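**Q** sequence and predicted structure below; questions after.
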Amino acid sequence: MLLAGDIGGTKIHFGLFTRERGPRRPLAEAVYPSTDHDSLEAGVRRFLDGTGRRPTQAVLAVAGPVLGGTSRITNLPWAIDATRLRKTFTLRSATLINDVEAIAASVPLLRRTDLVCLREGTPVRRGNRAVVAPGTGLGEACLCWDGRQYRALPSEGGHVDFAPGTPIEDELLAFLRARHGHVSYERVCSGIGIANLYRFLRDGGHADEPPWLAEELDRVADPVPLIVEKALDPKNPCDICVRALDLFASILGAEAGNLALKILATGGVYLGGGIPPRVLPFLKKKTFARAFLRKGRMRDLVARIPVHVITNPKAALLGAAAMGLGPETRTRSRLSR
């Protein structure tokens, strides 16, 4: 029996799986606030005690880089160690993987109902696939066919240098460089990024901040949900919030196209993470597509690449389960063409 988990700074999501039932039908499943626990082991113990079952192996997807079987998660004071986890719960094996690597591993198992198509394109069977996942930060991964199955490969591509593609993005780079020195794509294409885009538009004189909005922002710890809410207000969308999300969509489109070219993602680009499903109306505008296609001599190539938004909130758990259960489950594609 496999314990799979999606371990993030806000919530932890666990499931128990067997090879017979596969990665889409857990025996048990639970979600807890991360801050309810002082360690990963405390969260695992709570879940297992509630099920009365004892797994023999574990695969946990964590929101951060994994080095030597250890990881640390932003916003949590946890030191996560696969060896300690294995010993604590008497497991045969315990593996940590990056959460976006897990999302990538879920892609061959996703159904049409798990996706929203932004661009149909002309996918190549068994072609490479790219995952760009803006959440609190920006994660990236890829899928490559090895002759028998797709293999998910992690990266820290969200931390590469931001490359402006328009005059206003030139100004954005100068604005953020003056404050942070190095400006990565994560600084402009994530939850952190949306907050930075808003500040740039406000402080750079590109848009006015209404006094009522300034008051509301002063009352919240995280401005991003409020910015998104006001941008999507069907009756009275707030101009500065709309402009922030338009800029976000343009930058995300450009970086999705960048990764598509870097790994030759002829099998498609998949937008994961928590933000794309929340801002779908902005991704469906021409702004995203225009930036995705703005690749000079490579425009015709990227024009053939499909783009999908992953709307299944359990994608990371599904991918962790698929990796733990083995290649038989990973190669049964559930994505009907």
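**A** Perfect, thanks for sending it. Numbers count the residues shown, from 1 in each chain.
**Q** contacts and neighbour counts: CA atoms only from here.
**A** Will do.
**Q** distance check, the closest residue in space to Glu29 that isn't next to it in sequence against Val44.
**A** If the residues on either side of it in the chain are set aside, Glu29 comes closest to Gly15, at 4.2 Å by CA to CA, 6 or more residues apart in numbering. Taking CA to CA, to the nearest Å as the measure, Gly15 falls 10 Å from Val44.
**Q** more neighbours: which of those two?
**A** Taking Gly15 and Val44 together and counting by other CA atoms under 10 Å, Gly15 has the greater number of neighbours (23 against 19).
**Q** element containing that one, please.
**A** When elements are assigned from DSSP states H and E, Gly15 belongs to strand 11-17.
**Q** just the CA coordinates for stretch 2-14, please, in CSV.
**A** Coordinates of each C-alpha in stretch 2-14 appear next as CSV, following Å, rounded to 0.1, in the frame of the first residue of the first chain:
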residue,chain,number,x,y,z
LEU,A,2,1.2,3.4,-1.0
LEU,A,3,1.0,6.7,1.0
ALA,A,4,1.0,9.6,-1.5
GLY,A,5,1.0,13.2,-0.5
ASP,A,6,1.0,16.8,-1.8
ILE,A,7,2.8,18.9,0.8
GLY,A,8,2.4,22.6,0.5
GLY,A,9,2.9,25.7,2.6
THR,A,10,-0.9,26.1,3.0
LYS,A,11,-2.3,22.6,3.0
ILE,A,12,-1.2,19.0,3.1
HIS,A,13,-3.2,16.4,1.1
PHE,A,14,-2.7,12.7,1.7
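**Q** hang on, the earlier thing: do you know how far the residue nearest to Glu29 is from Arg92?
**A** Relative to Arg92, Gly15 is positioned 17 Å away (CA to CA).
**Q** and for Asn258?
**A** As defined by CA to CA, Asn258 lies at a distance of 40 Å from Arg92.
**Q** equivalent analysis for Leu143, please.
**A** With the distance defined as CA to CA, Leu143 ends up 27 Å from Arg92.
**Q** these two: which is more packed in?
**A** Residue environment comparison for Leu143 versus Arg92 gives the larger neighbour count to Leu143, 26 against 11, counting by other CA under 10 Å.
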